[in-house]
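# Show me the folded form of this:
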Amino acid sequence: MILTLTANPSLDRTVSLPGVLERGAVQRAVAAGEEPGGKGVNVSRALTVSGVRSVAVLPGADADPVMTGLRQAGVEYLNLPIEAPLRSNITLTEPDGTTTKINAPGPPLKPVEQEALIALLVGACTAGDSGPGSWLVLAGSLPPEVPPDFYASVAHTVRDRLGAQAPRIAIDSSGPPLMGALLHGAEPDLLKPNAEELAEATGFSSEAELEADPLLAARAAGMLIERGVGAVLATLGARGALLVTASGSWLATRPPVQARSTVGAGDSALAGYLLAEVAGAAPPDCLRQAVAHGAAAASLPGTTVPAVAATDPGAVTVTTLDGTGGGTPRGPAAAGSATAPPSSSKEES
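Residues are numbered from 1 along each chain as shown. Below is the predicted model of the structure:
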């Protein structure tokens, strides 16, 4: 089982425009839709549609539209009821795939609610088929009143309470929540940054330089491995994606896709990686499925997530890099099923 924690979930509203977004003008949409969202929720949705059991843990009232959307999508969830309605995010997409996203801050989560949410999560780990072979994904932004070290607190609590039965932990966030997790010893088994977040987490080089030079990005990811992170799955925009572990590093690329919306592409990439990992795939194959999933998501409208059957891992080329911290490509890695998409810091939700 794969659990996800989304502390700041949202109802994602997507509006498709017939042309270029014109500031200050009145434009008529050609389509509109809404989905339950937030990074962890998106991961659970992508796993569920591919037949992998996932339970989304999140705050929100039973009657909130986000819970309604999860029920309609057939996604298992455990919610902590709160009084305030959850936020709505707005995404504007243009025909060429250009995406503009406006994220609301979300309702505050009081300290007592934070503690209750963690307790609900620990209970889910204890009651389900959680254990060393399963995963817990901590993803997205944090709502007001939640401290930036929240993900580190969650990681410590889960590991302290469950010991050897604790699931492995993946973190996908940015800004203060990302830095709070790293600075307070969360030591995730998997970290999924994009180039901007990788530069932010390491203080090494810039987003543009890391996207342009995968070997430089591998060196930056290697710095995180040295600081206790188990593996780094870094999306590098048009240059593909990178996986770095203590035992090796790999680069995955694929031909460009016709992007319709990049929202949720990074979340789908993480879901693709986990889908392959729990199936027993080798690291290069997990990376291959990550990129395939991300690319498939980018080709779909709005926040639609792809099923594994709709992905094309065969279009992804994986090369091995010499040394954990980088090196020169040595040729194709073994074929597999993981892929990672073009990504943007604007995905953060």
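
# From here on, just use CA atoms for contacts and neighbour counts.
Will do.

# what about the strands in the stretch 1-150 of the chain?
2-5, 10-16, 31-37, 54-59, 76-80, 87-93, 99-102, 135-139 (DSSP state E, counting those that start in this stretch).

# got it, and the stretch 151-300 of the chain?
Using DSSP E, counting those that start in this stretch, strands in the stretch 151-300 of the chain cover 168-172, 190-191, 231-235, 241-245, 248-253.

# Please name every helix or strand in contact with the shortest one.
Using 3 or more CA pairs under 8 Å, 6 or more residues apart in numbering; DSSP states H and E as the contact criterion, the secondary-structure elements in contact with strand 190-191 are strand 168-172, strand 231-235.

# same question, the longest one
With contacts taken as 3+ CA pairs under 8 Å, 6+ apart, strand 248-253 sits against strand 241-245, helix 283-298, strand 317-321.

# what about the spatially most central residue of the chain, distance to N42?
Centroid check for the chain by CA atoms, centre = their mean gives D267 as the closest residue, at 3.4 Å. From D267 across to N42, the span is 6 Å (CA to CA, to the nearest Å).

# Please apply the same query to V112.
26 Å.

# okay but T14 is in contact with S88, surely?
No: if you go by CA atoms under 8 Å, T14 and S88 don't touch, sitting 10.4 Å apart.

# For the closest residue to the residue nearest to the centre of the chain other than its chain neighbours, the count of nearby residues, please.
Excluding the flanking residues, the one nearest D267 by CA to CA, 6 or more residues apart in numbering is V43, at 5.4 Å. Counted by other CA atoms under 10 Å, the residues lying close to V43 total 32.

# Kindly report the same for G237.
G237 has 18 nearby residues by other CA under 10 Å.

# Next one: it, what pLDDT does it get?
On pLDDT, G237 comes in at 81.

# likewise G131?
63.

# The spatially closest residue to L80 that is not a sequence neighbour: neighbouring residues, count only.
Nearest residue to L80, sequence neighbours excluded (CA to CA, 6+ apart): P59, at 4.4 Å. By other CA under 10 Å, 29 other residues sit near P59.

# which ones are touching P59?
For P59, the contacting residues are 6-9, 79-82, 117, by CA atoms under 8 Å, 6 or more residues apart in numbering.

# Most neighbours among the residues you listed, please name it.
If you rank the contacts of P59 by neighbour count (other CA under 10 Å), P9 sits at the top with 32 neighbours.

# Skipping adjacent residues, who's closest to that one in space?
G38 (4.5 Å).

# neighbours around that neighbour, how many?
G38, neighbours per other CA under 10 Å, totals 27.

# Would you agree it is in contact with N8?
Yes: with contact defined as CA under 8 Å, G38 and N8 form a contacting pair (6.6 Å).
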